[in-house]
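# just coords:
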């Protein structure tokens, strides 16, 4: 058994720095897509598309999820973070690693005459950064055994980022033409599904599912004390990931049977998603808080995208068009589901952290505003509507193979993202808090990119 | 407790209303976070809870309770105990606040 639970945990200084860097990567990726860089104008597996995919999945989603987890895992398990001093070096390694990796892809695509060792160098730095995050969160979870249900999802997610990073490292060795990489000629063909399943499915989606159990219960005031809650979703999801990853590696070794493995993993994943959907509906029905805030309503919209994914996927399999629709499906998961969910939750987490940082220390000595006083939901809701509408239209355009339509839709998504980023900056600056509550004696305006803890 | 102590307890409870749960946006007394207040020789003993044990807000709430009770004339020292037994439940919220939060029927 681990250590004793504590009351209250500290704010992590660098959480908002993770968020800020992540948002910069997201905007960069969106702008590049709107200008026609990468898929669908270029090959889905081409270097330009790899630039976009890694900007979104590593720069945006992984960075933002790491930033949220270093703050939220301690809340989930009521234990302090194992080593806060590791969080800034991890962010630096992730950022440097991604920059080198993207430069490697750009060199591979002939955009500049760079050395190919940029790819393994970038991958090595990224692996080091993820290792630091995984070790930090892993040790925090280890101290809290037996784990509550949401934390068990996170534990599987952490295992999956290790698999994803290991495959990414091997790809980098193959793509850069090293002698070691030359020993695995088929790795890029058969290994990519495992890399993508472990990354998008295990690390990002499974972690987000787990954390959302607690967040949805907290924000909707729904009872989540039932030990069975999330059990089937976790078991089926963990089984799907185990089959996908272990089976995938075995078939890679034996060079046959990948389709069967993917089919079994897909069936288990579907069961996990259905169980998760049932759990979320259950929480929604038993909620005590009838009037939901914008972040929860928008999280539910992103769940709609997640629900659409298996339906579109099954339809593509049935019509034999899975190969040609893979890009649209991946886009729906990365933007409609994950990006939508993350933006919706940032809209709560950033004001929440800002509130604690600014008003926590003066509480009891002076009247303080509510967290809701730091945001202007009506203004933000139009950006969210624009974001989801743009994302769904962009998915449709990919399904219809309409490249120009996709670019226009992405331009709308970019505009909406900019609007939402401005809302987050306004929350950090306390711009929407009315006087006289805005700055009671002893409180100071927060710094934009670093939390005072 | 004397009538004077009762009066002091009432004043402490009133003072604690300056502390709000930032997420729910209401003071912690009406939200039912304060389980007990007693006074013993000028020392205020307060037993309270929070919605989530590990939440960073929990320690700020505890400190806020101590700070606000300290400001009440007649209180010489404050002793705050945070407990999660029994765990807080929405049924502990006062009826007026429930209505303003748009609450469902509680069972």
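Received it, and whenever you're ready, just let me know what you need. Note that the coordinates shown come from a computational prediction; the quantities given were computed from them, not determined experimentally.

# so which residue of chain B comes closest to chain A?
residue B:59 (2.9 Å; CB to the nearest CB). Where C-beta positions appear, they are placed from N, C-alpha and C, glycine not excepted.

# what's around that residue, how many residues?
18 (other CB atoms under 10 Å in any protein chain shown).

# got it, and residue A:130?
Residue A:130: 25 neighbours (other CB under 10 Å).

# Make sure it is actually in contact with residue A:162.
Yes: the criterion here is CB atoms under 8 Å, and residue A:130 meets it with residue A:162 at 7.4 Å.

# tell me which element residue B:10 falls in.
Using DSSP states H and E, residue B:10 maps to helix B:3-16.

# And the contacts of that helix?
Residues from elsewhere that reach helix B:3-16, judged by CB atoms under 8 Å, 6 or more residues apart in numbering or on different chains: B:1, B:27-29, B:34, B:37-39, B:44, B:46, B:65, B:68-69, B:71-75.

# mind listing the helices for chain B?
B:3-16, B:56-70, B:95-100 (DSSP state H).

# Please pull out the lowest mean pLDDT helix or strand from the chain.
Answering for chain A, as no chain was given. One helix or strand of chain A scores below all others by mean pLDDT, DSSP states H and E: helix A:248-254, with a mean of 82.

# wrong one, I was asking about chain B
Lowest-scoring helix/strand for chain B, mean pLDDT, DSSP H and E: helix B:95-100, at a mean of 85.

# what does the stretch 251-400 of chain A put close to chain B?
A:287-291, A:352, A:355-356, A:359-361, A:363-368, A:370-372 (CB under 8 Å from any CB of the partner chain).

# What subset of those is buried?
Burial by neighbour count, 16 or more other CB atoms under 10 Å in any protein chain shown: within those this picks out A:287-289, A:352, A:355-356, A:359-361, A:363-366, A:368, A:370-372.

# where does the chain dip in pLDDT?
By default, I'm working from chain A. Chain A contains residues with pLDDT under 70 at A:1-2.

# please go with chain B instead
B:1, B:104-107.

# Around chain A, which positions in chain B sit nearby?
B:18-20, B:22-23, B:25, B:50-69, B:71, B:82, B:87, B:90, B:101-104, B:106.

# Just the buried ones among the residues you listed, please.
By 16+ other CB under 10 Å, the residues of chain B next to chain A give B:18-20, B:22-23, B:25, B:50-69, B:82, B:90, B:101, B:103 as buried.

# So for chain B, the centremost residue is which one?
What sits nearest the mean C-alpha location of chain B, by CA atoms, centre = their mean, is residue B:34, with 3.1 Å.

# Correct me if wrong: that one contacts residue B:28.
Yes: taking contacts as CB under 8 Å, residue B:34 lies within contact range of residue B:28: 6.2 Å.

# Now for those two: what residues contact both?
With CB under 8 Å, 6+ apart, residue B:34 and residue B:28 have common neighbours B:16, B:48, B:65.

# follow-up on the earlier one: quick check: phi and psi at the closest residue in space to the residue of chain B closest to chain A that isn't next to it in sequence.
Once flanking residues are discounted, residue B:59 sits nearest to residue A:8: 2.9 Å by CB to CB, 6 or more residues apart in numbering or on different chains. Residue A:8 has phi and psi values of phi 70, psi 140 when expressed as degrees, to the nearest 10.

# Surely residue A:8 and residue B:64 touch.
No: look at residue A:8 against residue B:64 with CB under 8 Å: they stay out of range, at 11.7 Å.

# For chain B, give me its nearest residue in chain A.
Closest point on chain A to chain B, by CB to the nearest CB, is residue A:8, at 2.9 Å.

# Next up, the contacts around that residue.
So residue A:8 contacts B:54, B:55, B:56, B:57, B:58, B:59, B:60, B:62 (CB under 8 Å, 6+ apart).

# tell me the contacts of the fourth one?
Translated: residue B:57. A:8, A:356, A:360, B:21, B:22, B:23, B:50.

# cutoff 7 Å now
Contact analysis of residue B:57 by CB atoms under 7 Å, 6 or more residues apart in numbering or on different chains lists A:356, B:22, B:50.

# got it, and the fifth one?
By CB under 7 Å, 6+ apart, residue B:58 lies in contact with A:7, A:8, B:50, B:52, B:82.

# quick one: which of the residues you listed is nearest to residue A:257?
Nearest to residue A:257 among those is residue B:52, at 45.8 Å by CB to CB.

# need the contact list for that closest one.
A:75, A:218, B:58 are the contacts of residue B:52 under CB under 7 Å, 6+ apart.

# What of residue A:415?
Contacts for residue A:415 (CB under 7 Å, 6+ apart) come out as residue A:386.

# Distance of it relative to residue A:389?
Taking CB to CB, to the nearest Å as the measure, residue A:415 and residue A:389 are separated by 11 Å.

# Same question for residue A:264.
36 Å.

# before we move on, what about residue A:95?
31 Å.

# The two - which one has more neighbours?
Set residue A:95 next to residue A:389 and count neighbours by other CB under 10 Å: residue A:95 wins out with 22 against 14.

# The more buried one should be in a helix, yeah?
Yes: counting by DSSP: H, G, I helix; E, B strand; the rest coil, residue A:95 is part of a helix.

# so it makes contact with residue A:22?
No: Residue A:95 lies out of contact with residue A:22 (CB atoms under 7 Å); the separation is 9.8 Å.

# close enough to count as contact, residue A:77 and residue A:146?
No: Residue A:77 sits out of contact with residue A:146 when judged by CB under 7 Å, with a separation of 10.2 Å.

# ok, the two, which is more surrounded?
Between residue A:77 and residue A:146, counting by other CB under 10 Å, residue A:77 is the more crowded of the two (26 against 8).

# any idea what sits nearest that one, other than its immediate chain neighbours?
Here the residue nearest residue A:77, using CB to CB, 6+ apart, is residue A:144, at 3.5 Å.

# For residue A:227, pull up the helix or strand it's in.
Using DSSP H and E, no helix or strand contains residue A:227.

# Now do the contacts for the closest residue to it other than its chain neighbours.
Among residues not flanking residue A:227 along the chain, residue A:149 sits closest, at 7.7 Å (CB to CB, 6+ apart). Listed by CB under 7 Å, 6+ apart, the contact partners of residue A:149 are A:213, A:229, A:230, A:231, A:234.

# I'd like those as JSON lines, with distance to chain B and secondary structure appended.
Below are the contacts of residue A:149 laid out as JSON lines (distance: CB to the nearest CB, whole Å; DSSP: H, G, I helix; E, B strand; the rest coil):
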{"residue": "A:213", "distance to chain B": "13", "secondary structure": "helix"}
{"residue": "A:229", "distance to chain B": "16", "secondary structure": "coil"}
{"residue": "A:230", "distance to chain B": "17", "secondary structure": "coil"}
{"residue": "A:231", "distance to chain B": "21", "secondary structure": "helix"}
{"residue": "A:234", "distance to chain B": "20", "secondary structure": "helix"}
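
# Quickly check those for the two that are furthest apart.
Longest span within the contacts of residue A:149, CB to CB: A:213 and A:231, 11.0 Å.

# Compare the two (neighbour count), which wins?
Neighbours were counted for residue A:213 and for residue A:231 using other CB under 10 Å; residue A:213 has more, 24 against 14.

# any idea how far the more buried one lies from residue A:226?
11 Å.

# Give me the neighbour count for the closest residue to the residue nearest to the centre of chain B other than its chain neighbours.
Excluding the flanking residues, the one nearest residue B:34 by CB to CB, 6+ apart is residue B:48, at 5.2 Å. By the measure other CB under 10 Å, the count of residues near residue B:48 is 23.

# got it, and residue B:2?
Residues near residue B:2, counting by other CB under 10 Å: 8.

# Now do stretch A:358-366: distance to the chain's middle.
Counting by CA atoms, centre = their mean, to the nearest Å, stretch A:358-366 is centred 32 Å from the centre of its parent chain.
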